[in-house]
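One predicted model, sequence on top.
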Amino acid sequence: MGKFFTILLVLFFASHGYVERFSYAEKSKLEWSDFRGEPKMNSSFDASVNTGITYQWSISKDYGKIELKYEVDSFCYPSLSWVKRGQLTKYLLEHEQLHFDISELHARIMRKKLKEYKPGKNVRKDLNKMYKRVERMRINMQELYDIETEHSKNKVNQEKWEKKVKNLMWYYRAYSK
């Protein structure tokens, strides 16, 4: 029965667009072997890592006290990440790594917000609004990072961003998994 159930799950996810992923908690350092997607040859970029954050939550009442349980993860999607042939440099990998770090940073920000949240009447609405705000911040930071570093071409700004993200990751260290 166990094998049958596992096969059904695999078939379900395969038919419903499941995309392979790994979390930052599982593997925080990227390797070029994690870039398994087909390179976009018409792109001006040499590589692209696909990352994101997800959250799930539940709420319960125990003796009149409301308890919010939640889980927040940041992920990398290898089949949606790619690198052009001949561009597998350590420097470029470090640029792509910072994109993954930025997603983890925002997962930590979301965990902090959830920890500080006091459930009210509109929990679902409040949490969706919170997630959308954090996701918008994440996307904006990812875009600004690429603009200011010129997609890794500006080495001075690349170094500034590495320091900035390292400091922010340290600041939110209490909210890592």
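Great, that's in hand.

Just say helix, strand or coil for the residue nearest to residue 160 when sequence neighbours are not counted.
In space, and not counting its chain neighbours, residue 160 is closest to residue 148: 7.8 Å by CB to CB, 6 or more residues apart in numbering. Placement of C-beta: from N, CA and C, glycine included. Using DSSP: H, G, I helix; E, B strand; the rest coil, the three-state assignment for residue 148 comes out as helix.

Tell me the pLDDT of residue 148.
For residue 148, the pLDDT comes out at 98.

residues touching it, list them.
154, 157, 160, 161 (CB atoms under 8 Å, 6 or more residues apart in numbering).

Helices of the protein, residue ranges please.
2-15, 90-116, 123-149, 155-171 (DSSP state H).

Nearest to residue 62 among the ones you listed would be which one?
Residue 62 sits nearest to helix 123-149 of all these, at 15.5 Å, using CB to CB.

Please pick the buried ones from the contacts of residue 148.
Among the contacts of residue 148, those scoring as buried are 157, 161 (criterion: 16 or more other CB atoms under 10 Å).

Make JSON lines out of the contacts of residue 148 and add distance to residue 65.
Below are the contacts of residue 148 laid out as JSON lines (distance: CB to CB, whole Å):
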{"residue": "154", "distance to residue 65": "52"}
{"residue": "157", "distance to residue 65": "48"}
{"residue": "160", "distance to residue 65": "46"}
{"residue": "161", "distance to residue 65": "43"}
